[in-house]
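Undergrad: build me a structure from this.
(one chain, ligands or ions: 1)
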Amino acid sequence: MKNTLTANNNIDNSVIDNTAVENTAMENTAVKGTALPVITANHVSKSFLTDNGEDLKVLTHISMTLHEGEIVAILGRSGAGKSTFLRILAGLVPPSDGRVKYRGKPLTGPNPGVAMVFQTFALMPWLTVESNVELGLQAQGVGRKERKAAALKAIDSIGLDGFESAYPKELSGGMRQRVGIARALVLKPDALFMDEPFSALDVLTAENLRQEVLKLWADGSGALRSILIVTHNIEEAVQMADRVVVLGSHPGHVIADVPITLPRPRDKHTAAFESTVDSLYAILTGQADAARGGHREEALSGLQQMFADSSQGSHSLPDATPGGMAGLLEIVADHEDGVDLADLASALTFEVDDLFPLLDAGTLLGMLDVEEGHVSLTPAGREWNDADILDSKMIFARMAISHVPLIRAIDRTLRQSKNGKVRGDLIVDLLRGKHNDEAAQQQFRIAVEWGRYGELFDYDSDDDTLTLDDNAQ
Ligand SMILES: Nc1ncnc2c1ncn2[C@@H]1O[C@H](COP(=O)(O)OP(=O)(O)OP(=O)(O)O)[C@@H](O)[C@H]1O
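TA: Sure, this is the predicted structure:
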């Protein structure tokens, strides 16, 4: 289902507001309807065969178009299938279903209009900067002289002048990624694909490089035309993109396609920027909430059913500790009317998406409300925050049993067993019905942590036994 925002006037689903765009980037910016499509995806789906021979559906019915001169960000949580989608558009992986076209022609192999920049730079350590940048041209059979001239120009354009003869190991992370970008630019691609290009860099370096890429895109030289960037960083998406395509998970699907009409260059510290970040955050978390809603109507019957149900919808317990949640609630409680996510993140000097697991855990437990990027305590959250240690454990246990199907399932399994004991492996095996091995172990670990904190049950890893806590009997 498509998610449309109307509350925020910086985001709408109409055409881009031309008057709002202040810099020369406007010439470059696609005004959809007039700009030609460069790459189109039509109902693209993708499944992978897992080691145990099952089909893992990663993407389902994704349609989108990248227009000439446009910057599009694909935003989604880890595992949503963003990189897989990018690789399909680049022609590096075939879709299981659906079609990709480049300039109107169906793709049958690597996309000739695309050059990629990777998170991990992917440079050849034995080659100099110049040779790394020339690689793609060499593969295209471009002559030596021409290759060198083009490489030096690309090196210069991204601020690497003077480093032509250096080897990757002599460069900082930021400089290495500049080489990665130069290597893509030298090919003069119709579309530059960037897969989390700044996420391995420190905050300041990432910010500088983002600005330089935007400058190059806007300078009218034609070095950079369309850009497709994959990111899980909402602020990055808002800073860079004309349009943000938000992917939901399991399997990856489009939940929103949102034009960003903020004037460029964009200032992160304006109210308009922050409210755009908040609105996108609401789309991402709204998706999680909708999925979670499904749990509450479940009628539990039988062990297998209990665990199958406990893994449905939201598909996993967020990896957050009760202590971490308590810490977050304490900070939110300092603000009587709640606090904006962006402010909360910046007060903690983290990025908004770093808070996801804690926020998800708080909302899952019914302790936090997150609406349109504004976080506040629910009455139960306030009660938990104000309680002394003993009461706080009881409140946590109550909320976990009523809101978290997996905790409820373990609690019921223990109560139904004659001696109040159950082997951990049994629970992990049941969880494997819905999760891969690693995720099943992780879910078990988180459930034990939460169950222990609420004094519902305990786990002895030496003999792999879960037991009902004395207080819970
Ligand atoms: N070649 C493959 N074989 C099997 N499964 C795969 C393969 N490539 C990706 N996957 C699975 O597809 C899912 C989506 O992966 P993908 O890397 O596309 O997600 P993502 O949104 O880019 O995540 P992240 O932000 O963590 O990189 C994951 O569960 C991953 O394990």
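
Undergrad: what's the end-to-end length of stretch 341-353?
TA: 10 Å (C-alpha to C-alpha, to the nearest Å).

Undergrad: and that stretch, how far out from the chain middle?
TA: The chain centroid and the centroid of stretch 341-353 are separated by 16 Å, computed with C-alpha atoms, centre = their mean, to the nearest Å.

Undergrad: with stretch 265-273 instead?
TA: Centre-to-centre, stretch 265-273 and its host chain are 21 Å apart (C-alpha atoms, centre = their mean).

Undergrad: cool, stretch 161-168 as well?
TA: Mean-position distance between stretch 161-168 and its chain equals 33 Å (C-alpha atoms, centre = their mean).

Undergrad: how about it: buried residues?
TA: Along stretch 161-168, the positions that meet the burial threshold by neighbour count (16 or more other C-beta atoms under 10 Å) are Phe163, Glu164, Tyr167, Pro168. Where you see a C-beta, it was placed from the backbone N, CA and C, and this is true even at glycine.

Undergrad: so where do the strands sit in the stretch 201-350 of the chain?
TA: Remark: strands assigned in the stretch 201-350 of the chain by DSSP state E, counting those that start in this stretch are 226-231, 243-248, 253-259, 339-340.

Undergrad: quick revisit: which member of the buried residues of stretch 161-168 is positioned nearest the ligand?
TA: Of all the buried residues of stretch 161-168, the one sitting nearest the ligand is Pro168; the distance, using C-beta to the nearest ligand atom, is 22.7 Å.

Undergrad: quick check: residues of the stretch 101-250 of the chain near the ligand?
TA: Near the ligand, the residues belonging to the stretch 101-250 of the chain are His232 when assessed by C-beta under 6 Å from any ligand atom.

Undergrad: elements contacting the helix or strand hosting Asp391?
TA: For Asp391, the element it lies in under DSSP states H and E is helix 389-403. Helix 389-403 makes packing contacts with helix 379-386, helix 405-416, helix 437-453 when contacts are defined by 3 or more C-beta pairs under 8 Å, 6 or more residues apart in numbering; DSSP states H and E.

Undergrad: one more time with 6 Å
TA: Counting contacts by 3 or more C-beta pairs under 6 Å, 6 or more residues apart in numbering; DSSP states H and E, helix 389-403 is packed against helix 379-386.

Undergrad: quick check: which of the strands of the stretch 201-350 of the chain is nearest to Leu426?
TA: Using C-beta to C-beta as the criterion, the shortest distance between Leu426 and those is 31.6 Å, found for strand 243-248.

Undergrad: got the domain ranges for the protein?
TA: The chain is divided into the following domains under automatic domain parsing: 18-113+189-285, 295-472.

Undergrad: got a markdown table for those, with mean pLDDT too?
TA: Converted to a markdown table, these look like this (pLDDT from 0 to 100):
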| stretch | mean pLDDT |
| --- | --- |
| domain 18-113+189-285 | 87 |
| domain 295-472 | 83 |
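
Undergrad: turn those into CSV, columns for mean neighbour count.
TA: Putting the domains of the chain into CSV (neighbours: other C-beta atoms under 10 Å) gives the following:
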stretch, mean neighbour count
domain 18-113+189-285, 19
domain 295-472, 18
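
Undergrad: mind telling me the two of the buried residues of stretch 161-168 farthest from one another?
TA: Spatial extent of the buried residues of stretch 161-168 (C-beta to C-beta) is set by the pair Glu164 and Pro168 at 12.7 Å.

Undergrad: on that earlier part again, which of the buried residues of stretch 161-168 fall within strands?
TA: Members of the buried residues of stretch 161-168 lying in strands (criterion: DSSP state E): none.

Undergrad: His61 against His43, yeah?
TA: Yes. Judged on C-beta atoms under 6 Å, His61 makes contact with His43 at a distance of 4.8 Å.

Undergrad: can you give me the end-to-end span of stretch 97-112?
TA: According to C-alpha to C-alpha, stretch 97-112 extends 21 Å from its N-terminal end residue to its C-terminal end residue.

Undergrad: could you dump the strands of the stretch 201-350 of the chain to a markdown table with distance to Asn385?
TA: Formatted as a markdown table, these follow (distance: least, C-beta to C-beta, whole Å):
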| stretch | distance to Asn385 |
| --- | --- |
| strand 226-231 | 33 |
| strand 243-248 | 31 |
| strand 253-259 | 32 |
| strand 339-340 | 14 |
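
Undergrad: between these, which one is nearest to Val404?
TA: For the strands of the stretch 201-350 of the chain, the distance to Val404 is smallest for strand 243-248, at 21.2 Å, taking C-beta to C-beta.

Undergrad: check which helices and strands the closest one is in contact with.
TA: In this structure, strand 243-248 packs against strand 71-76, strand 253-259, with contacts taken as 3+ C-beta pairs under 6 Å, 6+ apart.

Undergrad: out of those, which is closest to Phe48?
TA: Go through the helices and strands packed on strand 243-248 one by one with C-beta to C-beta and the one that ends up closest to Phe48 is strand 253-259, at 16.2 Å.

Undergrad: what's the closest of the strands of the stretch 201-350 of the chain to Gly76?
TA: Closest to Gly76 of these, according to C-beta to C-beta: strand 243-248, at 3.4 Å.

Undergrad: the closest one: partners in the sheet, and parallel or antiparallel?
TA: For strand 243-248, the pairing partners within the sheet under DSSP bridges are strand 71-76 (parallel), strand 253-259 (antiparallel).

Undergrad: dump the shortest one to CSV, restricted to CA.
TA: The reference is to strand 71-76. Coordinates of the C-alpha atoms in strand 71-76 are reproduced here as CSV (Å, rounded to 0.1, in the frame of the first residue of the first chain):
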residue,chain,number,x,y,z
ILE,A,71,18.6,12.2,-7.2
VAL,A,72,16.5,9.3,-5.7
ALA,A,73,17.2,7.8,-2.4
ILE,A,74,16.1,4.2,-1.5
LEU,A,75,15.5,4.3,2.2
GLY,A,76,14.8,1.2,4.3
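
Undergrad: start at 222, not 1
TA: All set: I'll call the first residue 222, so the last point we hit is now strand 292-297.

Undergrad: which residues outside the helix or strand just after that strand are in contact with it?
TA: Tracing the chain past strand 292-297, the next element assigned as helix or strand by DSSP H and E is helix 303-310. Outside of helix 303-310, the residues that reach it under the criterion C-beta atoms under 6 Å, 6 or more residues apart in numbering are 260, 265, 267, 279-280, 295, 297, 314, 316, 321, 414, 416, 451.

Undergrad: among the residues you listed, which are in helices?
TA: Cross-referencing those against helices under DSSP state H gives no overlap.
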